[in-house]
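Visitor: Return atomic coordinates for the entry below.
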Amino acid sequence: MNRATNQTANEPDHYATNLAVINKVNTVTTTENIYNNLGVLIVAKGTEISAHAYQIIIKHKLQKPIENSIQLDNTLTPDKIYLQFTTLTLSSELKSILCNKMNIDKFMVHCQQLQEYPLLLQKLTVLQARFPTHYRKTIYGALFSLCLCYEQKLSYDISNNTFLAALFRDLGLLHIDAMVVDEKGKLSAQSWKLLQGHVPIGYNVAKLIPGLAKEVARAVLEHHETTDGFGYPLSKIENKLSLEGQIVAFADTFVALFQKHIFQYGRSISDLIPILQINSGVNLHQNTQAALRLISAYSTPTNTMKIDAKTIQLGKSLLQRQPKISRWFENALQFHKLLATKHPNCNLQSTTKFFERQQEMLSRSGICDALFLDWLRSLDLSHLNIQDALEIQKSELMLNEISWQFEQLLKIFKAIAIEVKASSEELITLRTKIDLLQNSLR
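Guide: Sure thing, here's the model as predicted:
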């Protein structure tokens, strides 16, 4: 059959793999006979999805997705998800945002209607067991998505569809090889392309849920799109994107930035403001403004910090990184122009918009200006005052985010190099230049 997850005949059902793994701690049983696409019975009703049953299942294409024919002994319930929210480890500022803009009663209402979607609860249970970090991000993202909806005074239907889409958004990961999902460090171009597949997979899963609003599936499909067309999988631009999808996308980004820059360092959430401003060109303006209002209302700006050897080293690092970032941008722009000249058939629309946005952002922030570098050089790092130390910390956050965005550009360049039609010699040249760009970013 044409599987909802777009798996090929030679590719194992990775959702079945995940079911076999969690069966060791949470029994998975078939609720009906399972037939292959030729109508042959391969697993009988009431069979446990053990390693043996799994080996049988993966040899066949099934009449329908296996998730529609199994049950778990213990599945997440609306009450369990609500309880998890109340026990989440949150910074005091984030807890203040969540609890002030979305009180417990409202959250409970949204949670209770999850019982209408047993397949969603099943997959969330599997996600929590197999990829707990992704599950926590899902819960954080769903909560913050609701906060953004309430801050913008959106209707209940829009808020609820956004909440559901935020819960669905990463369920496609369950149908991708766990080794790819868990891969650490910089992903290869092939792994990155496989990982991107979680978006259309999640979209196809959501489309098959009875009674689920079509806006939910669309939001899942668009949760990695950006307003500048640099997102995936369809590279849509702002006027082609749904509000629900862009709220989920923004919440996803916000949670990632919070975890990366704020939570693990004990910083104030107000330190995210310059980073959100850097990213303002990739998100709907109204979402960015809603987040900035929430931060301003419920955060305590950093006005003091300990100045020590680490701070001094940070200043020295900025002196080295700032010129490197400027040079890297220019080299990447030259490579982009080379692609456009030598390989005009390449689709460079997204990279063109990326450079337009980055040039505007770098100009607006001043982070790569000669004046900023002169200011850094003028500092006596061994006798910093609080204001200068805080500015150094803010600049480091901005440069970290810019570096991350450049890494995303490298991924796009690598994907283009794989698909470009050129001679072996030209391909070697392209890949060598990409490797040089990657090494110079370190």
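
Visitor: only C-alpha atoms for contact and neighbour calcs from this point on.
Guide: OK.

Visitor: Can you tell me the element the spatially closest residue to residue 274 that is not a sequence neighbour falls in?
Guide: Once flanking residues are discounted, residue 274 sits nearest to residue 398: 6.9 Å by CA to CA, 6 or more residues apart in numbering. Residue 398 belongs to helix 386-419 when assigned by DSSP states H and E.

Visitor: Check the offset of that helix from the chain's centre.
Guide: Put simply, helix 386-419 sits 16 Å off its chain's centre (CA atoms, centre = their mean, to the nearest Å).

Visitor: domains of the chain?
Guide: According to automatic domain parsing, the chain comprises the domains 14-72, 78-298, 309-440.

Visitor: Just put those in JSON lines and tack on mean neighbour count.
Guide: Listed next are those as JSON lines, based on neighbours: other CA atoms under 10 Å:
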{"stretch": "domain 14-72", "mean neighbour count": "17"}
{"stretch": "domain 78-298", "mean neighbour count": "19"}
{"stretch": "domain 309-440", "mean neighbour count": "15"}
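
Visitor: okay, the ones you listed in CSV with mean pLDDT next?
Guide: Supplementary listing: the domains of the chain in CSV, determined by pLDDT from 0 to 100:
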stretch, mean pLDDT
domain 14-72, 95
domain 78-298, 89
domain 309-440, 84
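
Visitor: any idea how far residue 123 is from residue 345?
Guide: 41 Å (CA to CA, to the nearest Å).

Visitor: Could you pull out the strands in the stretch 1-150 of the chain for me?
Guide: Ranges of strands within the stretch 1-150 of the chain are 28-30, 34-35, 41-43, 70-72, based on DSSP state E, counting those that start in this stretch.

Visitor: same for the third one, what does it pack against?
Guide: Here strand 41-43 is seen to pack against strand 34-35, helix 51-57 when contacts are counted using 3 or more CA pairs under 8 Å, 6 or more residues apart in numbering; DSSP states H and E.

Visitor: how far does the last one sit from the chain's center?
Guide: With CA atoms, centre = their mean as the basis, the distance from the averaged C-alpha position of helix 51-57 to the chain average is 32 Å.

Visitor: So what touches that helix?
Guide: For helix 51-57, contacts defined as CA atoms under 8 Å, 6 or more residues apart in numbering pick out 16, 17, 20, 42, 43, 47.

Visitor: quick one: which of the residues you listed is nearest residue 372?
Guide: residue 17 (52.8 Å; CA to CA).

Visitor: how near is the nearest residue to that closest one once chain neighbours are set aside to residue 30?
Guide: Leaving aside its sequence neighbours, residue 17 sits nearest to residue 54 (CA to CA, 6+ apart; 7.0 Å). Going from residue 54 to residue 30 by CA to CA gives 12 Å.

Visitor: if we can go back for a sec, which helices and strands sit right next to the helix or strand just after the helix holding residue 398?
Guide: Counting by DSSP H and E, the next helix or strand C-terminal to helix 386-419 is helix 424-440. Under the contact criterion of 3+ CA pairs under 8 Å, 6+ apart, helix 424-440 touches helix 309-342, helix 386-419.

Visitor: Dump these into TSV; add distance to residue 134 as well.
Guide: Formatted as TSV, these follow (distance: least, CA to CA, whole Å):
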stretch	distance to residue 134
helix 309-342	31
helix 386-419	20
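
Visitor: check contacts around residue 125.
Guide: Applying CA under 8 Å, 6+ apart, the residues near residue 125 are 75, 76.

Visitor: One more pass at 10 Å, please.
Guide: Residues in contact with residue 125 (CA atoms under 10 Å, 6 or more residues apart in numbering) are 22, 26, 72, 74, 75, 76, 77, 119, 131, 132, 135.

Visitor: ditto for residue 213
Guide: With CA under 10 Å, 6+ apart, residue 213 has these contacts: 157, 160, 161, 164, 165, 206, 207.

Visitor: And for residue 296?
Guide: With CA under 10 Å, 6+ apart, residue 296 has these contacts: 269, 270, 273, 290.

Visitor: Likewise for residue 414?
Guide: For residue 414, the contacting residues are 188, 189, 190, 192, 430, 431, 434, 435, by CA under 10 Å, 6+ apart.

Visitor: redo that, cut-off 8 Å
Guide: When contacts are counted by CA under 8 Å, 6+ apart, residue 414 touches 189, 431, 434.

Visitor: how far away is the second one from residue 246?
Guide: By that I understand residue 431. 34 Å.

Visitor: got it, and the last one?
Guide: Separation of residue 434 from residue 246 (CA to CA): 31 Å.

Visitor: go on, the first one?
Guide: In this structure, residue 189 lies at 26 Å from residue 246, with CA to CA as the measure.

Visitor: what's the answer for residue 180, then?
Guide: 26 Å.

Visitor: With residue 152 instead?
Guide: For residue 152, the distance to residue 246 - CA to CA - is 13 Å.

Visitor: Next: residue 99.
Guide: Taking CA to CA, one finds residue 99 at 23 Å from residue 246.

Visitor: Give me the phi and psi for residue 87.
Guide: phi -110, psi 10 (degrees, to the nearest 10).

Visitor: which residues sit in contact with residue 45?
Guide: 29, 30, 31, 32, 33, 34.

Visitor: Any chance of TSV for those, columns distance to residue 250?
Guide: Listed next are the contacts of residue 45 as TSV, based on distance: CA to CA, whole Å:
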residue	distance to residue 250
29	38
30	38
31	38
32	40
33	42
34	40
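
Visitor: which one of these is nearest residue 93?
Guide: residue 29 (43.1 Å).

Visitor: hang on, that closest one packs against residue 72?
Guide: Yes: counting by CA atoms under 8 Å, residue 72 is a contact partner of residue 29 at 6.6 Å.

Visitor: Just list the residues touching residue 123, thanks.
Guide: Residues near residue 123 by CA under 8 Å, 6+ apart: 171, 174.

Visitor: what does residue 413 give?
Guide: When contacts are taken as CA under 8 Å, 6+ apart, residue 413 is in contact with residue 434.

Visitor: do residue 165 as well
Guide: So residue 165 contacts 216, 217, 219, 220, 244, 245, 248 (CA under 8 Å, 6+ apart).
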